[in-house]
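In: My questions are about this predicted structure, shown below with the sequence.
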Amino acid sequence: IYLELLSHLHFSLGKGTVPARRIDSLRQKTLTALWQWLPEFVVRCRQYDSFGFYAALSQLLLVLVESDHQNR
């Protein structure tokens, strides 16, 4: 749901129906909410995912969110 919301917010920027400041505020709140649980989720995926697919996917998501979080 978080990723869908971030995607929707990104594409809403081009429509001009909602002020960019409002969209950026919602984006930051969503990233903050993700940041609260994602690092622990990545640790647990590494711990319990014997195949490694979900561990790698969650690590990729963490890197992307971390990058976005730093570019505020």
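Out: On my side now, so go ahead. This one's a predicted model, so the numbers in the text were calculated from it and none came from an experiment. Residues are numbered from 1 along each chain as shown.
In: residues in contact with the least confident helix or strand in the chain by mean pLDDT?
Out: None of the helices or strands of the chain scores lower by mean pLDDT, DSSP states H and E than helix 2-12, at a mean of 87. Helix 2-12 has contacts (C-beta atoms under 8 Å, 6 or more residues apart in numbering) with Val18, Ile23, Leu26, Arg27, Thr30, Leu31, Ala33, Leu34, Leu61. For glycine as for every other residue, the C-beta is placed from the backbone atoms N, C-alpha and C.
In: Can you tell me the centre-most residue of this protein?
Out: Most central residue of the chain, judged by C-alpha distance to the mean C-alpha position with C-alpha atoms, centre = their mean, is Val65 at 4.6 Å.
In: tell me which element it falls in.
Out: In this structure, Val65 sits in helix 53-70 according to DSSP states H and E.
In: Would you mind giving the orientation angle of that helix with respect to helix 2-12?
Out: Inter-element angle recorded for helix 53-70 and helix 2-12: 40 degrees (by axes from the mean of the first three to the mean of the last three C-alpha atoms, to 10 degrees).
In: Residue ranges in this protein under the pLDDT threshold?
Out: In the predicted model of the chain, residues 71-72 satisfy pLDDT under 70.
In: In it, where's the longest helix?
Out: Of all the segments of type helix in the chain, defined by DSSP state H, the longest one is helix 20-48.
In: Which neighbouring elements make contact with that helix?
Out: Contact here means 3 or more C-beta pairs under 8 Å, 6 or more residues apart in numbering; DSSP states H and E; on that basis helix 20-48 packs against helix 2-12, helix 53-70.
In: Now do that helix against helix 53-70, angle only.
Out: For helix 20-48 against helix 53-70, the angle by the same axes, to 10 degrees is 150 degrees.
In: May I see the buried residues of helix 20-48?
Out: The neighbour-count check on helix 20-48 (16 or more other C-beta atoms under 10 Å) flags Ile23, Leu26, Arg27, Thr30, Leu31, Leu34, Leu38, Val42, Cys45 as buried.
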